[in-house]
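[1] here is a sequence together with a model predicted from it:
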Amino acid sequence: MSPGPRSLVLLHQGAGPTIDHFLAAPLERLACGRLDLDSRLAPADELARLPGPPRLLLVVRALPAPWLRPLRTLRRQGCRLIYVMDDDLLDPAAGTSLPEAYRRRLRQNITAQRRHVPELFDEVWVTSAALAAKYAHLAPQLLPLDPHPRLLLQRPRLQLAYLGTAAHQREFAWLLPLLTALQQRWDHTHVDLFGDLAINRQFRHLPRVRLLHPMDWERYLQETGSRRVDLLLCPLLEDPFNAGRAAVKIVDAARLGAVGLYSDREPYRGCVRHGETGLLLPDDPQPWLDTIAALIAEPERRQALAEAGRAMVESLGRRPGCPAHPLERVLVV
């Protein structure tokens, strides 16, 4: 940001709805030079990023105690300070129904510093008429709801999932570099994983990856049955225990309306026709990434593969020539 008459600083604690709903769009329309500082970080480090005292600084929601003195210094240097309040953050009694951990964060970030607001800020901006009425003594400015256009965009979304359990530790480790590369390459791919705390620790740093807690079978069916999944990842590494597994993941792919990407070994090699009812891939993650790239670019092929995979599963046990089920033998008198 170059200093100038329209330069502006936003001090906040990471991207949040208040900025996108009330501030980002008008700032862009006004072509303001904008720099964002993080109030969770040390003031000295963040303020060192400033090319000089800004003309205007908006404190959004949080006012941690370590920032009080630096803000006073900026005000003495001619910076105009505005506090933006999007909830009733200055009244400790207003949040008595909130969880204790949430109230504790509010106390640390703003409520404990509430007495400084009138003397520190040149203006207070609020986001609701109720806040404007309650804090009329601060002469607040009511912000109009002005959502940034990106909030209303119809974004493409490609949903992937891996439905392994804690018994698939090697598969989870194999997936980590694949998903890391995947999420770096595209910004519209979303991944669902089922895993415990150890799995969460491995994957939680990745963007757009959701970790779901293990659950019983009925809840699992309810949770997954309501989802739309485009690609179901089914790696199965060579392992004595894995050698005894059945091809049940083809049923998951059919349930979810997904294309199944399977390891090119039994049990999948024996039931999936590569390129027709699913895709059989080697253990190298790169062919998986290349295949995903091709499927992203070919939605019609994705749909055809998913439909053929479902038709295959629906025919199981009912195709001409299928061996009789053992139940038929023991139940037929």
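    Noted; the coordinates are in hand.
[2] how many neighbouring residues does residue 306 have?
    Burial of residue 306 is recorded as 23 neighbouring residues (other CB atoms under 10 Å). Backbone N, C-alpha and C define where each C-beta goes, glycine included.
[3] state the distance from the residue nearest to it when sequence neighbours are not counted to residue 82.
    Once flanking residues are discounted, residue 306 sits nearest to residue 259: 5.0 Å by CB to CB, 6 or more residues apart in numbering. Distance from residue 259 to residue 82, counting by CB to CB, to the nearest Å: 51 Å.
[4] more crowded one of those two?
    Each of residue 259 and residue 82 has its neighbours counted (other CB under 10 Å); residue 259 has more, 26 against 16.
[5] residues touching the residue most central in space within the chain, list them.
    Nearest to the geometric centre of the chain sits residue 208, at 4.0 Å (CA atoms, centre = their mean). Applying CB atoms under 8 Å, 6 or more residues apart in numbering to residue 208 gives the contacts 183, 187, 189-191.
[6] now, the most widely separated pair of those?
    187 and 191 (12.8 Å; CB to CB).
[7] who's more crowded, those two?
    The residue with more neighbours, out of residue 187 and residue 191, is residue 191; 23 against 10, by other CB under 10 Å.
[8] specify the beta-bridge partners of that one.
    Using DSSP bridges, the bridge partners assigned to residue 191 are residue 160, residue 209.
[9] verify the contact between it and residue 162 for me.
    Yes. Assessed by CB atoms under 8 Å, residue 191 is found in contact with residue 162 at 7.3 Å.
[10] what segments of this structure are strands?
    Assigned by DSSP state E, the strands in the chain fall at 8-12, 34-38, 56-60, 80-85, 123-126, 141-142, 158-162, 189-194, 209-212, 231-234, 259-263, 279-281.
[11] mind checking how far the residue nearest to residue 249 when sequence neighbours are not counted is from residue 155?
    Nearest residue to residue 249, sequence neighbours excluded (CB to CB, 6+ apart): residue 234, at 4.3 Å. Note on residue 234: its distance to residue 155, by CB to CB, is 27 Å.
[12] which one of these two has more residues nearby?
    residue 234 (26 against 7).
[13] so what's the more buried one up against?
    Applying CB under 8 Å, 6+ apart to residue 234 gives the contacts 162, 249, 252-253, 260-263, 268.
[14] repeat that with 7 Å
    By CB atoms under 7 Å, 6 or more residues apart in numbering, residue 234 lies in contact with 249, 260-263.
[15] rebuild the residues you listed as TSV, extending it with distance to residue 89 and pLDDT.
    Listed next are those as TSV, based on distance: CB to CB, whole Å; pLDDT from 0 to 100:
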residue	distance to residue 89	pLDDT
249	48	93
260	49	97
261	48	98
262	52	97
263	52	96
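[16] what's the closest of these to residue 293?
    Residue 293 has its nearest neighbour among those in residue 261, at 12.2 Å by CB to CB.
[17] from residue 253, how far off is the closest one?
    Here residue 261 is placed at a distance of 9 Å from residue 253 (CB to CB).
[18] low pLDDT regions in the stretch 1-150 of the chain?
    For the stretch 1-150 of the chain, applying pLDDT under 70 flags the ranges 1-6.
[19] roughly how far does the nearest residue to residue 134 once chain neighbours are set aside sit from residue 239?
    Spatial nearest neighbour of residue 134, excluding adjacent residues (CB to CB, 6+ apart): residue 88 at 7.0 Å. Using CB to CB, residue 88 is found at 56 Å from residue 239.
[20] the two: which has the busier surroundings?
    The neighbour count for residue 88 versus residue 239, taken as other CB under 10 Å, is higher for residue 88 (18 against 12).
[21] isn't the more buried one right next to residue 96, touching?
    No. The pair residue 88 / residue 96 is not scored as a contact, 11.2 Å apart, by CB atoms under 7 Å.
[22] out of the strands of the chain, deepest packed?
    Mean neighbour count (mean count of other CB atoms under 10 Å) peaks for strand 231-234 among the strands of the chain, with a mean of 27.
[23] mind listing what that strand pairs with, with the direction of each?
    If you go by DSSP bridges, strand 231-234 pairs up with strand 158-162 (parallel), strand 259-263 (parallel).
[24] looking at those strands, which is nearest to residue 61?
    The nearest among the strands paired with strand 231-234, by CB to CB, is strand 158-162 at 32.0 Å.
[25] between strand 189-194 and the closest one, find me the angle.
    Put simply, strand 158-162 runs at 20 degrees to strand 189-194, going by axes from the mean of the first three to the mean of the last three CA atoms, to 10 degrees.
[26] contacts for strand 158-162, please.
    Here strand 158-162 has contacts from 175, 188-193, 228-233, 296, using CB under 7 Å, 6+ apart.
[27] from the residues you listed, which has minimum pLDDT?
    Minimum pLDDT across the contacts of strand 158-162 is recorded for residue 228, with 84.
[28] quick check: the gap between it and residue 303.
    Shown here: residue 228 relative to residue 303, a distance of 12 Å by CB to CB.
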